[in-house]
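*Asks:* Return atomic coordinates for the entry below.
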Amino acid sequence: MSEMKRPKKEDKKEKEHAVQFERQQFEEYYVWLRDHMPDGFFEEVEPEQLTLITHYLMGFPLQDYFCQIQLKDRAFVLILDSPDVDLKVLKHFNLYGIRNYQTFISDEPPPFKGVKQRLRIATIFFTSYDDSSQHESCDNLIPKEQQQELYEGIKERHPEITSEDFQELVCCMDSRFLRTLTGDRLLSALLMFLRARERDHCQYEMRYNEDWKEKGGETPSVQIVLAWRNTPKYRFIYRLAKMIFRHNLNMVRVNVAYVQPYEKNSILIMSLGLHGIKGKAAWEEADISDFLKELVTLKCFPGTDEIEDTFVNPGLVTGNQGNLIRTIASFVHQTLVHADINQYSLRNVEEGLCRHPELTAQVVQAFEQKFHPEKKDIESYKKTRENLLMLVDHLDTGNEHNDLRRKNILKTAMHFVDYTLKTNFFRNNKSSFSFRLDPKYLNLVPYDRREKFPVLPYAIFYIRGMYFIGFHIRFKDLSRGGLRTVFPQRFEQMEIERNNVFAECYNLAFTQHKKNKDIPEGGSKGVIFLEPYERLLTEADILGKELVRAGKREEEIEEIVSKFKKEQKLVYLYLTQRSFIYSFISLLNCYDDGTLKQKNIVDYYKKPEYIYLGPDENMHNNMIEWIAEYSKISEYKPGIAFISSKPTYGINHKEYGVTSLGVNVYMETTLNHLGINPVRDPFTIKISGGPDGDVAGNQILNLYKYYPKTAKLLALTDVSGTIYDPEGLDLSIMAHLFHESKPIAMYPPKKLHDGGFLLDLQTKKEESAYATKTLCWRREGGKLREDWLSGSDMNHLFRHNLHRVKTDIFIPAGGRPRTLHINNYTDFLDAEGNPSSRAIVEGANLYLTPEARIALEKIGVLIIKDSSANKGGVICSSMEILASLTLTEEEFLQEKPELMEQILNIIREKARNEGELLLKTNSITGEFLTDISDQISKRINTYTYQLLDYLEKNVLPAHPDDPLVKALLSVCPPLLATKYRDRIIQKLPEVHKKAMVACYLASQIVYKKGLGWSPSIVDVLPLIASDPKITSSKPLEGHDFEVLS
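*Replies:* Numbering: from 1, shown residues only. Predicted coordinates:
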């Protein structure tokens, strides 16, 4: 090769020769493109862009046959055709939102020596914040004649669509996408788009082109049109191409568009032409059913991880089965983390499954043999299981520590398969995987199960979806309990909280079960753990880049991205909660004989399951309404009663203060026990939870309404800050904050007395790039001043203020579980080791750990346990369920005022009954109140189960004068028991009526007779049922307790 020399300035011939050579080459390649690229290519590429592409084609060999042309709002890629060509193109655009992606292929190889592959040119249009193409006239998007045809086609499926609706629909679509589709495909795309606006699942239509050979050219054998709500931009199109390639398919035609990409419910719409990678029909080279199952969960699982590299890419398992392994990994982590938090971290569990992939693959095989609707083979499953466990037992790499860990991981994975009773995994369209498990798998864990989980639940549901895992645990067949979503705000918090999802769900459900002793439904709880951090960050990053390209100022970018993040958090929250409910109900919704309504679910349980939910953390009113409506339209037996506290056809707990009503009864009873009459005598109190919260806010309102002259609220902490006033906060102002739903940071500092302060976590100032200070208002010497605290001082004050302030009573009515535990309970003590409060009434669940309770009770603190103190809410929810099962929606609204008065009276009575039994027993025996609370729950539940065992074998009588029917009606508010008596007797599910009778009689016996009375309940059933003192719904007058010594 000759050495290149600098051209001489005066050598005009050399310059002319170079220009001539360039001109000839340009003309040659321009003509080649004109003659060999398809017509669609020239419709998409503008003349100046064609010139640019021609220039790049001239240097194609010099760039190793890959040219990427990057423009502001689009890119072009020139590449030689190959089966994985889309992967090679798209991997360079992970951090771009792709609004439109198409590829065009030449009809012969480009004119380069030795090149036999054809040229493929990809056009990639990016989403942009201010895209002028979106604003062109709607009339120009589709020809008038075609518009009319499309409108008629849509009208046929959606008669409610007006011509104005249709115009609005067309106007919001991407213009390039509309131009690339014709006829049936465009109609399908618009129909799928309409469906996706109302549904979370992937909406798709698939068409087989049986005559693809006759049509010739680039005709795909399978065409898919899909629309999908809230689909991420980051790497999604690349992951789709990767999945298609893995299924031995090739993307022949691809048209993609994000519609309204910055809205809360943006929609991805796509037309896919697929063909077999070796040139055969798609259905000859791929398992189309398996492909579709993976397609509809593509956005629900990460695309690049160790599981994909170990199992999916080498072809050891399918993509769907890879998702199953991810799901099992999360389950194993939640099960084994209690053995050793470090040894069984999620990362170590995944390593344990990947270390011996051939063994993990057998777990997957066993799962398919047990649950595949068509391939199920129990004998093969048993053999696979036996072989796997034998191989695991013989595992020996010479590292005993690692071998034991991996053995436990693989065995627990197999136990997951063994103890799963039904799953939606093989359903065709789903947004998450759900599994119903027999809780007996907990007996096989490699640690003391009774220490961590003292009582086996009745049932466990496990659900895994996009950036979330969830559990629902119940302790009785008929059960109710809240559904909470844990949504950590910081990555560090997320890492810690993730280890406790199952344990938190279990403990809350167990507490709920004790709390539910007075109602027919046993205790349950649902916990969803949401961690969408990666997706939030990447989507916000893409938006930020688009704003920069749009020329936005830095302040504008920060404001827009901040708003986007806030909106997207809500989007993910609601998307996750709906996904949980979809999957949950798919395993619950059945006919009267127990047969599930959903197809492709192998069910080994085969019994009806009626479960009732309630709201909890991060459950908003619009989602409560949605859950009730979805249960109703799905024809799940409980209907809208499936969830309580419905804003319209339900009882809002915060509006009526039902939980704090019970808390207040216990507070008053406890203060009287301490010799303080709160109506007459001054008393001091501190509360965790803000005035904007349900339990804390309503309890503040109770103080203001019932004890305005005696109650002194000295301290309070919520998420916005912490406050202290030695003379007591102004209760009228606190009540106002409650009605305005404002946190404690909104308390006016000028109202503080000397020695008081207000730490406002919402007001900060930056001292430097590494230090921030927080505002603390202080009243000293009659003057109010600002005190800016360092990070460490702020944290110290926020953590310790509430627990250190001395009061007569403390009501934790907000805050995360385990706030006071064995390692920090001394924060509740003064310098001499005396507790800062004489009594604690637990308005919030699990605020204290059991160990912290014991430590404080040993030094004389009276503690009314959460399962007793805040049961007012569950009693109200149970009454709401009963009303929803009895009344129509219109009747409920009509009867609600009178019904609510009666329900509030029932809550007062049941709280007073238990409070008096607790303190009377404590006075006689000296036992801790928390132990007595557990004994009461255990005794009532024991009697309830004994009665249920008896009643299950018998049919309840129907005559209103029968003692058991009288007991049934005594459970009900008087309005329902009289006006709607026949409906209760005749229409309530039998299982519900028997549970009502059993729990009512059991609780009345314990409250009336005390803990010392313990014959076999069935033996004395005739006496119980005929005793008017027990079967009567009137308040109990006097208690002839028999206390267990």
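
*Asks:* contacts and neighbour counts: CA atoms only from here.
*Replies:* OK.

*Asks:* helix, strand or coil for residue 435?
*Replies:* strand (DSSP: H, G, I helix; E, B strand; the rest coil).

*Asks:* Name the single longest helix found in this protein.
*Replies:* helix 889-925 (DSSP state H).

*Asks:* Now do that one: which elements does it pack against?
*Replies:* Applying 3 or more Cα pairs under 8 Å, 6 or more residues apart in numbering; DSSP states H and E, we find helix 889-925 packed against helix 658-673, helix 866-869, helix 872-886, helix 929-952, helix 974-979, helix 990-1009.

*Asks:* what comes up buried for that helix?
*Replies:* 892, 896, 899-900, 903-904, 906-922 (16 or more other Cα atoms under 10 Å).

*Asks:* how far off helix 872-886 does it point, in degrees?
*Replies:* Helix 889-925 runs at 150 degrees relative to helix 872-886, counting by axes from the mean of the first three to the mean of the last three Cα atoms, to 10 degrees.

*Asks:* Break this structure into its domains for me.
*Replies:* 36-126, 134-296, 309-642, 676-870 (automatic domain parsing).

*Asks:* can you tell which of those is closest to residue 1011?
*Replies:* The minimum distance between residue 1011 and the domains of the chain falls on domain 309-642, with 14.4 Å, by Cα to Cα.

*Asks:* Now the terminal residues of that closest one, how far apart.
*Replies:* Taking Cα to Cα, to the nearest Å, domain 309-642 runs 42 Å from one end to the other.

*Asks:* Centre of the chain to it, how far?
*Replies:* 10 Å (Cα atoms, centre = their mean, to the nearest Å).

*Asks:* pLDDT below threshold where in the protein?
*Replies:* Counting by pLDDT under 70, the chain has low-confidence residues at 1-11, 130-140, 216-218, 303, 1015-1020, 1022-1024, 1028-1045.

*Asks:* thinking again about what came up before, for residue 1004, find the nearest of the domains of the chain.
*Replies:* So among those, domain 309-642 is nearest, using Cα to Cα, at 8.7 Å.

*Asks:* okay, now residue 240: neighbour count?
*Replies:* Residue 240 has 19 neighbours, counted by other Cα atoms under 10 Å.

*Asks:* That one reaches residue 296, doesn't it?
*Replies:* No: Residue 240 is beyond contact range of residue 296, at 10.6 Å (criterion: Cα atoms under 8 Å).

*Asks:* one step back: among the helices and strands packed on helix 889-925, which is the most enclosed?
*Replies:* Most buried of the helices and strands packed on helix 889-925 by mean neighbour count (mean count of other Cα atoms under 10 Å) is helix 866-869; its value is a mean of 28.

*Asks:* what does it contact?
*Replies:* Residues outside helix 866-869 that contact it (Cα atoms under 8 Å, 6 or more residues apart in numbering): 511-512, 514-515, 662-663, 666, 841-846, 911, 914, 933.

*Asks:* about what we covered before: report the inter-axis angle for the longest helix of the chain versus helix 990-1009.
*Replies:* Using the same axes, to 10 degrees: helix 889-925 against helix 990-1009 is 30 degrees.

*Asks:* Okay, angle between helix 889-925 and helix 658-673 too, please.
*Replies:* Using the same axes, to 10 degrees: helix 889-925 against helix 658-673 is 20 degrees.

*Asks:* got the angle for helix 889-925 vs helix 929-952?
*Replies:* Using the same axes, to 10 degrees: helix 889-925 against helix 929-952 is 130 degrees.

*Asks:* follow-up on the earlier one: minimum distance to residue 267: which of the helices and strands packed on helix 889-925 has it?
*Replies:* helix 872-886 (36.1 Å).

*Asks:* on contacts alone, who are the packing partners of the closest one?
*Replies:* By 3+ Cα pairs under 8 Å, 6+ apart, helix 872-886 packs against helix 658-673, helix 889-925, helix 981-987.

*Asks:* Let me know whether residue 421 touches residue 606 as I believe.
*Replies:* No: with contact defined as Cα under 8 Å, residue 421 and residue 606 do not form a contacting pair (9.0 Å).

*Asks:* more crowded one of the two?
*Replies:* Each of residue 421 and residue 606 has its neighbours counted (other Cα under 10 Å); residue 421 has more, 19 against 14.

*Asks:* Identify the residues contacting that one.
*Replies:* So residue 421 contacts 435, 436, 437, 438, 603, 604, 605 (Cα under 8 Å, 6+ apart).

*Asks:* can you count the residues close to the fifth one?
*Replies:* When neighbours are counted by other Cα under 10 Å, residue 603 registers 19.

*Asks:* so the nearest residue to it once chain neighbours are set aside, which of the three states?
*Replies:* In this structure, residue 603 finds its nearest non-sequential neighbour in residue 422, 4.7 Å apart by Cα to Cα, 6 or more residues apart in numbering. The three-state label given to residue 422 by three-state DSSP is strand.

*Asks:* Residue 422 bridge partners, please.
*Replies:* Bridge pairing for residue 422 (DSSP bridges) gives the partners residue 436.

*Asks:* just checking, it touches residue 599?
*Replies:* No: using Cα under 8 Å, residue 422 is not in contact with residue 599, being 11.9 Å away.

*Asks:* Between these two, tell me which one has more neighbours.
*Replies:* Set side by side, residue 422 and residue 599 show more neighbours around residue 422, with 22 against 12, by other Cα under 10 Å.

*Asks:* Please report the distance of residue 416 from residue 449.
*Replies:* Taking Cα to Cα, one finds residue 416 at 16 Å from residue 449.

*Asks:* do the same with residue 163
*Replies:* 64 Å.

*Asks:* roughly how far apart are residue 932 and residue 912?
*Replies:* For residue 932 relative to residue 912 (Cα to Cα), the value is 15 Å.

*Asks:* And for residue 76?
*Replies:* Taken as Cα to Cα, the span from residue 76 to residue 912 is 75 Å.

*Asks:* Residue 1003 contacts residue 518, doesn't it?
*Replies:* Yes: if you go by Cα under 8 Å, residue 1003 and residue 518 touch, sitting 5.9 Å apart.

*Asks:* quick one: secondary structure of residue 104?
*Replies:* When the rule is three-state DSSP, residue 104 gets the label strand.

*Asks:* Please list all residues in contact with it.
*Replies:* 37, 38, 40, 41, 120, 121, 122.

*Asks:* Pull out the buried members of those.
*Replies:* Here, 16+ other Cα under 10 Å leaves 37, 41, 120, 121, 122 buried among the contacts of residue 104.

*Asks:* where's the last one, which helix or strand?
*Replies:* To tie it back to what came earlier, the one meant is residue 122. Secondary-structure assignment from DSSP states H and E places residue 122 in strand 119-126.
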